[in-house]
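S.K.: how would this look folded up:
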Amino acid sequence: MLGEAFADLAAPVRALHASSGPPCWQGQCVVSRGSHPLARLCAWAARLPPAGQGVPTTVQFQRRSDQEIWTRRFGAAAMRSRMWPHHGRLRERLGLVQFDFGLSVSNGGIVWNTLGVRVFGLLPLPAAWFAGVHCLESADALGRYTFDVQASLPWIGPVVRYQGWLLPG
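M.R.: Numbering: from 1, shown residues only. I've put the predicted structure just below:
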């Protein structure tokens, strides 16, 4: 989806996204969750991970010609999503929620910006509600793939943030 900009990615980010890359990556992360009752409901609907420090994390990839299925494990909790290109955007189905993301490359990493959200894949929600949903993929000084995913909603506040690192494994 990044076209020629794929070559501008840091080596660990390119390796994770390469179609011939390792099907499993391992590392650890920190997960924080919002405390608002609606934040807990949103986290349940999207099947987001529970809070924890130093959480053992694995991501397994199933790659097909036009889509990828990511199974992320945060300790014992699994979070599965399906991603595919859709009209120049990346579409991700995560639990009951479907996101459309615009992707860009910055400083060797991938920035995900939320452009649209639907519940059950049918009911569109106002994109402005999701201005606080971001993802940054990058690499650290140790040569590890790193991620920082944040979701915050108006009137609710933080829903989830998970950040950490992965290595092929």
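S.K.: what bridges to residue 102?
M.R.: Applying DSSP bridges to residue 102 gives these bridge partners: residue 113.
S.K.: and what of residue 150?
M.R.: On the basis of DSSP bridges, residue 150 is bridged to residue 134, residue 161.
S.K.: surely it meets residue 134?
M.R.: Yes. Using C-beta atoms under 8 Å, residue 150 is in contact with residue 134, at 5.2 Å. Backbone N, C-alpha and C define where each C-beta goes, glycine included.
S.K.: where does residue 129 land in three-state SS?
M.R.: Counting by DSSP: H, G, I helix; E, B strand; the rest coil, the backbone at residue 129 sits in helix.
S.K.: neighbours of it, how many?
M.R.: Neighbours of residue 129 under the rule other C-beta atoms under 10 Å: 14.
S.K.: list phi and psi for residue 140.
M.R.: When read as degrees, to the nearest 10, the backbone of residue 140 gives phi -100, psi 180.
S.K.: what sits closest to it if chain neighbours are left out?
M.R.: Leaving out its chain neighbours, the residue that sits closest to residue 140 by C-beta to C-beta, 6 or more residues apart in numbering is residue 146, at 5.0 Å.
S.K.: could you pull out the helices for this protein?
M.R.: Along the chain, counting by DSSP state H, helices occupy 11-17, 37-45.
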